[in-house]
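Novice: Turn this into a model:
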Amino acid sequence: MTQATATAKPAGSFAPLAQPTFAVLWVATVLGNVGSFMRDVASAWLATDLSSSPAAVATIQAAATLPVFLLAIPAGVLSDILDRRRFLIAIQFLLAGVSGTLALLSWQNGLTIELLIGLAFVGGIGAAMMGPTWQSIVPELVPSNTLRQAVALNALGVNIARAIGPATGGLLLAGFGAAVTYGADLVSYIFVIGALVWWKRPKQASDPLREHFFSAFRAGLRFTRAHSKLHIVLLRAAVHFAFGSSVWALLPLVAKQLLHGGAGLYGVLLGAVGAGAIAGALTMPALQKKLDSDGVVLASAIATAAVMAGLSFAPPVWLALPLLLVLGAAWIMALTTLGGAAQAILPNWVRGRALSVYQMVFNGALAGGSLLWGFVAQAMGTPHALLIAGIGLVVAAILLHRIRLPRGEEDLAPARHWAEPEMADEIAHDRGPVMILIEYCIPAASRDAFLRAVHGLSEERLRDGAFSWGVMEDPTDPELLTEWFLVESWAEHMRQHRRVPNADADLQRGVAGFHVGTEPPRVRHLLGVGLPPDAR
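Specialist: Predicted structure coming up:
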């Protein structure tokens, strides 16, 4: 259900839970994630029994995250062009099938390290499809002024599950075996599927400009390639999580080799991470009053590195537990801050695709980092791998601190200020390419200022659908400057009319302000023309 527009009153941290649909889906997701963490702790621990190789153990983490890296963009495209509710239901059935297979194989003692890695990969495919879709429905469930709070609550929900799921999974694994643990995860999907079936998402009206897979795929790539602010978020996230992945990939080995514990201890350690994340989420509002987004990410990196260093010295369990509480708090601070920065700069029309790129970078960093630190641990030992990763994280965080995260304060609602083009005949949607020409009359005294301003439009044109852009002058009339951009089809240009946000509309009005004359800048549309059939 689509909620009312934002009011001016600042929203509290738990304001999104006042929306019934968001609250029901949030609770169901927490229950589902509890089951997923139970499955993950069972798989991670079974890997240490099935293989003594640190690289093989770390490969479980890599296998679960690699599909998100490989399939994130196609998943984002599907989330933007399919019915998101039905798509999510189908994904839940796929993930339930993975857990059911793991339960059956465990019951029959048929699991091998190869099967475990393969099923982790299939589960990763489901996670790849679900991630951008689940994030994309959030703006449908809450008012726009509570979007950041909803993102934070989703992260909090994951970490509530992280506090409960691993510890419960470890206890079930130690007391009843892997089959029961996987079976409990299978049951958790009933709640998620039930909540999605209960959600009565309004049917989307038929749209003649509805995007198809390949055109939507290309539009998403153009948007992310042209969005300089998104690039900053992606860079900061990739570096932070590539180094930070070491502690997640090596934690089973920390529990077994350095702390000399079993499956129960491993679950308790993960539970401590989740509990720390809950505490971190609850203290985030107070921290944000003292630090900006960049300060929060830097503090998170330093705290995470300190935990890595502490674990590398094989501390006693009573000291390891508070270290992991700190890790959980630091992790959610980085995750919420970077994820919120990405959400805040994305318009709704491309949200799923752009978030899928963020998820691709995030999980690619986790997968690549897990493999890297697994091999480093195998060559140099787990303690040295943790120390090297911690030092690298702090150095990288300090170097990248000067590249400031975007604040996301622009108005990204569609402006719809472009006039509909007047054409002699109706144009087929697949006609293209389309060249749009905008002619400005610019006095010589304003030429340099105009060129600086109009070049500021290039990123906006490329984000919203153009694949090429430029400015040309008429040699017979130096005051006549023409901005041009190319769009792949007439339908894509009509979509461009819908996409331009209010923030960019203000920029366009500023550029048009340099134009002199009684009439506004002239806009022309040119269509590509091929040879007639009899000339081919």
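
Novice: Please count neighbours and contacts with C-alpha atoms only from this point.
Specialist: Noted.

Novice: So for Ile73, what's the pLDDT?
Specialist: Here the pLDDT value assigned to Ile73 is 80.

Novice: What about it, how many residues nearby?
Specialist: Per other C-alpha atoms under 10 Å, the neighbour tally for Ile73 reads 26.

Novice: likewise the one 5 residues further on?
Specialist: Using other C-alpha under 10 Å, Leu78 has 22 neighbouring residues.

Novice: Okay, and it sits in which element?
Specialist: Secondary structure assigned from DSSP states H and E places Leu78 in helix 54-81.

Novice: Following the chain onward from that helix, which element is next?
Specialist: Criterion used, DSSP H and E; the element after helix 54-81 is helix 84-107.

Novice: Which elements pack onto the very next helix or strand once past that next one?
Specialist: With elements assigned by DSSP H and E, the helix or strand that comes after helix 84-107 is helix 113-136. Here helix 113-136 touches helix 20-50, helix 54-81, helix 84-107, helix 351-380, going by 3 or more C-alpha pairs under 8 Å, 6 or more residues apart in numbering; DSSP states H and E.

Novice: tilt between the helix holding Leu78 and helix 84-107?
Specialist: Computed by axes from the mean of the first three to the mean of the last three C-alpha atoms, to 10 degrees, the angle separating helix 54-81 from helix 84-107 equals 160 degrees.

Novice: Use 25 as the first number from now on
Specialist: Renumbered: residue one is now 25, and that last one reads helix 78-105.

Novice: which strands and helices sit next to helix 78-105?
Specialist: Of the remaining helices and strands, those touching helix 78-105 by 3+ C-alpha pairs under 8 Å, 6+ apart are helix 44-74, helix 137-160, helix 237-250, helix 252-277, helix 375-404.

Novice: try it again with 6 Å
Specialist: If you count contacts as 3 or more C-alpha pairs under 6 Å, 6 or more residues apart in numbering; DSSP states H and E, helix 78-105 packs onto helix 137-160, helix 375-404.

Novice: Report the angle between the last one and helix 137-160.
Specialist: By that I understand helix 375-404. Interaxial angle, helix 375-404 versus helix 137-160 (the same axes, to 10 degrees): 150 degrees.

Novice: Pass me the low-pLDDT residue ranges in this protein, would you?
Specialist: Along the chain, segments meeting pLDDT under 70 span 25-37, 75-82, 85, 168, 228-231, 555, 557-560.

Novice: Okay, domains of it per the record?
Specialist: Domain segmentation of the chain under automatic domain parsing yields 40-225+237-424, 458-559.

Novice: To His441, which of the ones you listed lies closest?
Specialist: His441 lies closest, by C-alpha to C-alpha, to one member of those: domain 458-559, at 7.3 Å.

Novice: ok now that closest one, how far from the chain's centre?
Specialist: Taking C-alpha atoms, centre = their mean, to the nearest Å, the mean C-alpha location of domain 458-559 is offset from the chain mean by 32 Å.

Novice: same for the top strand by length along the chain, what does it pack against?
Specialist: Longest strand in the chain, counting residues (DSSP state E): strand 501-511. On a contact count with 3+ C-alpha pairs under 6 Å, 6+ apart, strand 501-511 meets strand 458-465, strand 490-498.

Novice: I'd like the next helix or strand past it.
Specialist: Using DSSP H and E, the helix or strand that follows strand 501-511 in sequence is helix 514-523.

Novice: what's the angle from that next one to strand 458-465?
Specialist: Helix 514-523 runs at 50 degrees relative to strand 458-465, counting by the same axes, to 10 degrees.

Novice: Tell me the helix or strand right after helix 514-523.
Specialist: Using DSSP H and E, the helix or strand that follows helix 514-523 in sequence is helix 526-536.

Novice: buried sites along that following helix?
Specialist: Asn526, Ala527, Asp528, Ala529, Leu531, Gln532, Val535, Ala536 (16 or more other C-alpha atoms under 10 Å).

Novice: circling back: need the winner for burial among the domains of the chain.
Specialist: A comparison of the domains of the chain by mean neighbour count, using mean count of other C-alpha atoms under 10 Å, puts domain 40-225+237-424 on top with a mean of 21.

Novice: Export the buried residues of helix 526-536 as a markdown table, with columns for distance to Trp69.
Specialist: Output for the buried residues of helix 526-536, formatted as a markdown table (distance: C-alpha to C-alpha, whole Å):
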| residue | distance to Trp69 |
| --- | --- |
| Asn526 | 51 |
| Ala527 | 50 |
| Asp528 | 51 |
| Ala529 | 54 |
| Leu531 | 55 |
| Gln532 | 57 |
| Val535 | 61 |
| Ala536 | 63 |
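
Novice: re the thing from before, closest to Gly554 out of the helices and strands packed on helix 137-160?
Specialist: helix 78-105 (30.3 Å).

Novice: Off-centre distance for the closest one?
Specialist: From the chain centre to the centre of helix 78-105 is a distance of 12 Å (C-alpha atoms, centre = their mean).

Novice: angle of it against helix 44-74?
Specialist: Going by the same axes, to 10 degrees, helix 78-105 makes 160 degrees with helix 44-74.

Novice: Any idea which of the helices and strands packed on strand 501-511 gets closest to Ala296?
Specialist: Among the helices and strands packed on strand 501-511, strand 490-498 comes nearest to Ala296, with 48.6 Å by C-alpha to C-alpha.

Novice: Identify all contacting residues around that closest one.
Specialist: Strand 490-498 is contacted from outside by Leu504, Leu505, Thr506, Glu507, Trp508, Phe509, Leu510, Val511, using C-alpha atoms under 6 Å, 6 or more residues apart in numbering.

Novice: Please apply the same query to stretch 287-305.
Specialist: 183-184, 186-188, 190-191, 194-195, 279, 348-350, 352-353, 356.

Novice: Is the residue nearest to Asn57 when sequence neighbours are not counted within a helix or a strand, and which one?
Specialist: Leaving out its chain neighbours, the residue that sits closest to Asn57 by C-alpha to C-alpha, 6 or more residues apart in numbering is Ala185, at 5.6 Å. Ala185 belongs to helix 171-200 when assigned by DSSP H and E.

Novice: Show me what that helix packs onto, helices and strands only.
Specialist: Helices and strands touching helix 171-200, by 3+ C-alpha pairs under 6 Å, 6+ apart, are helix 44-74, helix 287-314.

Novice: Does anything pack onto the helix or strand following it? Which helices or strands?
Specialist: Later in the chain than helix 171-200, the nearest helix or strand by DSSP H and E is helix 202-222. Helix 202-222 sits against helix 44-74, helix 108-131, with contacts defined as 3+ C-alpha pairs under 6 Å, 6+ apart.

Novice: nearest to Leu259, of the ones you listed?
Specialist: Proximity to Leu259, assessed across the helices and strands packed on helix 202-222 by C-alpha to C-alpha, is greatest for helix 44-74 (27.6 Å).

Novice: quick one on the thing from earlier: who wins for proximity to Leu112 among the helices and strands packed on strand 501-511?
Specialist: strand 490-498 (31.2 Å).
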